[in-house]
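Here is the input, now give the coordinates:
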Amino acid sequence: MTEKVVVIYSGGMDSFTVLNRALQDGKEVFSLSFDYGQRHVKELECANTVCNALGVNHKVIDISAINQLLAGSSLTDDIDIPEGEYETDNMKSTVVPNRNMVLLSLAVAYAVSIGAEQVYYGAHSGDHAIYPDCRPEFLEKMNDVCKIANYESVEIFSPYLNVDKTAILADGISMGLDYSNTWTCYNGRDKACGKCSSCQERLAAFADNNQTDPIAYE
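Numbers count the residues shown, from 1 in each chain. Below is the predicted model of the structure:
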């Protein structure tokens, strides 16, 4: 019997690669996206398009009511999106308080309800300095809790935890993935801005792999 897994799928390039990695690993994928009140829904639109094309079970859960509790982030509040290099001081405004703990808890509950043994999510080493909830120690402690939080033990698995975005993209390229239906920009305009730190990191990953990013930039 094919093992069921839940994949937290934002619609960005990292989670897109994670989704396809789970499929390549032979898993029966149940993808889960969250509307938590982020500034735009471009990623969610990409996620829906991809899952429809792949025939993957996909749920988009509206938890935007919690936005009133997640103050102080430029991804959820009316705060300017940082531009320039992907560095700690520049990116701290994009930290959403406790986001991954909230999303992972919901994903684990979903996994228990459908009999899935793992939850995949896209933390990677490039985020360790900036986002505490993407670090190995966070994943380790969350797994400790997930072993005892329910009668059923669920493992949280991040296949790219110890590599950067360049390596994630390299794995996606090796799988023949098309990144035209992914969105990384922190702004939700028609085209990616190319200036925010997230765009800069994405463009650097494509350059490092001698590839051209297929999405349009302003």
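
Would you map the strands across this protein?
Applying DSSP state E to the chain gives strands spanning 4-8, 28-35, 57-62, 118-120, 155-157.

Show me how far the fourth one is from its chain's centre.
Relative to its parent chain, strand 118-120 has a centroid offset of 12 Å by Cα atoms, centre = their mean, to the nearest Å.

circling back: of all the strands of the chain, which lies closest to Lys191?
With Cβ to Cβ as the measure, strand 28-35 is the member of these nearest Lys191 (22.0 Å). (C-beta placed from N, C-alpha, C; glycine too.)

Given that closest one, what are its sheet partners and their directions?
Strand 28-35 has its sheet partners listed here by DSSP bridges as strand 4-8 (parallel), strand 57-62 (parallel).

Highest mean neighbour count out of those strands?
strand 4-8 (a mean of 25; mean count of other Cβ atoms under 10 Å).

possible to save the strands of the chain as CSV with distance to Ala207?
Formatted as CSV, these follow (distance: least, Cβ to Cβ, whole Å):
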stretch, distance to Ala207
strand 4-8, 27
strand 28-35, 28
strand 57-62, 31
strand 118-120, 27
strand 155-157, 29
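
Output those in CSV; the columns should cover distance to Leu169 and mean pLDDT.
Output for those, formatted as CSV (distance: least, Cβ to Cβ, whole Å; pLDDT from 0 to 100):
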stretch, distance to Leu169, mean pLDDT
strand 4-8, 18, 98
strand 28-35, 20, 96
strand 57-62, 23, 96
strand 118-120, 17, 98
strand 155-157, 20, 96
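
The strands paired with strand 28-35: which one's closest to Asp144?
Taking Cβ to Cβ, strand 4-8 is the member of those nearest to Asp144, at 18.8 Å.

any weak-confidence spans in the protein?
For the chain, applying pLDDT under 70 flags the ranges 39, 69-96, 126-129.

on that earlier part again, please identify which of the strands of the chain is closest to Ala216.
Across these, closest to Ala216 is strand 28-35 (Cβ to Cβ), at 22.5 Å.

Convert the closest one to CSV, retaining C-alpha atoms only.
Extracted in CSV, the C-alpha atoms of strand 28-35 (Å, rounded to 0.1, in the frame of the first residue of the first chain):
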residue,chain,number,x,y,z
GLU,A,28,0.4,9.3,-2.0
VAL,A,29,0.4,13.1,-1.6
PHE,A,30,-2.3,15.2,0.1
SER,A,31,-1.2,18.8,-0.4
LEU,A,32,-2.3,21.4,2.1
SER,A,33,-2.1,25.2,1.5
PHE,A,34,-3.0,27.9,4.0
ASP,A,35,-4.5,31.4,3.6
